[in-house]
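Engineer: Could you work out the structure for the sequence below:
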Amino acid sequence: MQRLSSAVILFTILLAVTPAPCKTSHKPAPFEIDRPTVIAFFPSEAKTEGKETDANDSLSDFQLYAASARQHLSGNIAFQVVYTRSFQVALDGRLITFRPPRAEPGYYFAMPGKKPRVEYGVMSDEDIERIAQEYFGNAMK
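Structural biologist: Just a heads-up that it's a prediction; the model follows:
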């Protein structure tokens, strides 16, 4: 029974963070950075060295760890997930377009009054939480 319950929870998490297949011609609204924020990004055209299976595994891991980190960081930290090659943030009265230099997943940590920190690659939920603690410090409390 416990195994079935865990499987249902995992399926629910994956379903919640899976992007809906819709096409729009407009850009998404900028992310308003008015408190500590993590933006987990997975470029829609991310290329991985190797097979398509590797890309699927990376996406699956990214979604699983992002969902877990979102749950643990809830409260004072906003946690967004985006599936695109670039995005905009409104931070300290400026509109910033973020375009990663490489087409790989990563994490954009930002808060008012502080320079954003970007980490690349799929990270475990523990690593995301550790970096959030380093970057946000007392703002997490």
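
Engineer: Isn't P112 up against R35?
Structural biologist: Yes. Between P112 and R35 there is a contact under CB atoms under 8 Å: 7.4 Å. C-beta: built from backbone N, CA, C; applies to glycine.

Engineer: is E119 in a bridge, and if so with what?
Structural biologist: Taking DSSP bridges as the rule, E119 bridges to Y107.

Engineer: Check whether it really touches F109, as I assumed.
Structural biologist: Yes. Taking contacts as CB under 8 Å, E119 lies within contact range of F109: 7.5 Å.

Engineer: How about residues contacting the helix or strand hosting K115?
Structural biologist: K115 is part of strand 114-120 when elements are defined by DSSP states H and E. With contacts defined as CB atoms under 8 Å, 6 or more residues apart in numbering, strand 114-120 is touched by 89, 91, 96, 98, 100, 102, 104-110, 131, 135.

Engineer: out of E119 and F109, which sits in the busier spot?
Structural biologist: Each of E119 and F109 has its neighbours counted (other CB atoms under 10 Å); F109 has more, 21 against 16.

Engineer: and that one, that's in a strand?
Structural biologist: Yes. Going by DSSP: H, G, I helix; E, B strand; the rest coil, the assignment for F109 places it inside a strand.
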